[in-house]
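Novice: Predicted model and sequence follow; I will ask about them next.
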Amino acid sequence: MMRILGNTAAKVRRLQSRNISSASVIAVAAVNNAPVYLARMVVGGVGYMIGGWVSAPAAKFLQETEEMQLEIKQELDENEARLDEP
């Protein structure tokens, strides 16, 4: 981490000695990285949308499955209780 900060500080000092402000360097870096950020936002948005479409039916199916398993367990418990009766 310190190496990165040291390199950045050295780069800013070199640019300042050439009368180039570090703000302009940061602005150029931001413009150069804009397509990357845009692509990440698009992919994240698509993932969010797909997750929303998929999770509701999946949650409903999971709930139905759990309810069915509870009913089966209850039936098995009742059958076991009947077998234990004299």
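Specialist: Structure's in. What do you need? Residues are numbered from 1 along each chain as shown.
Novice: same for the helix ranked longest in the chain, what does it pack against?
Specialist: What stands out as the longest helix in the chain, according to DSSP state H, is helix 22-84. The helices and strands touching helix 22-84, judged by 3 or more C-beta pairs under 8 Å, 6 or more residues apart in numbering; DSSP states H and E, are helix 2-17. Placement of C-beta: from N, CA and C, glycine included.
Novice: avg pLDDT for the helix it packs on?
Specialist: The average pLDDT for helix 2-17 rounds to 58.
Novice: how many neighbours does Arg40 have?
Specialist: 11 (other C-beta atoms under 10 Å).
Novice: Please apply the same query to the one 5 residues further on.
Specialist: Gly45 has 10 neighbours, counted by other C-beta under 10 Å.
Novice: mind listing what it touches?
Specialist: By C-beta atoms under 8 Å, 6 or more residues apart in numbering, the contact set of Gly45 is empty.
Novice: And it, how far from Gly51?
Specialist: Note on Gly45: its distance to Gly51, by C-beta to C-beta, to the nearest Å, is 11 Å.
Novice: Could you do Ala59 as well?
Specialist: 11 Å.
Novice: Overlap in contacts, those two.
Specialist: With C-beta under 8 Å, 6+ apart, Ala59 and Gly51 have no common neighbours.
Novice: which intervals of this protein have sub-threshold pLDDT?
Specialist: Scanning the chain for pLDDT under 70 picks out the ranges 1-31, 86.
Novice: can you do 80?
Specialist: 1-34, 85-86 (pLDDT under 80).
Novice: what's the neighbour count on Glu66?
Specialist: Residues near Glu66, counting by other C-beta under 10 Å: 10.
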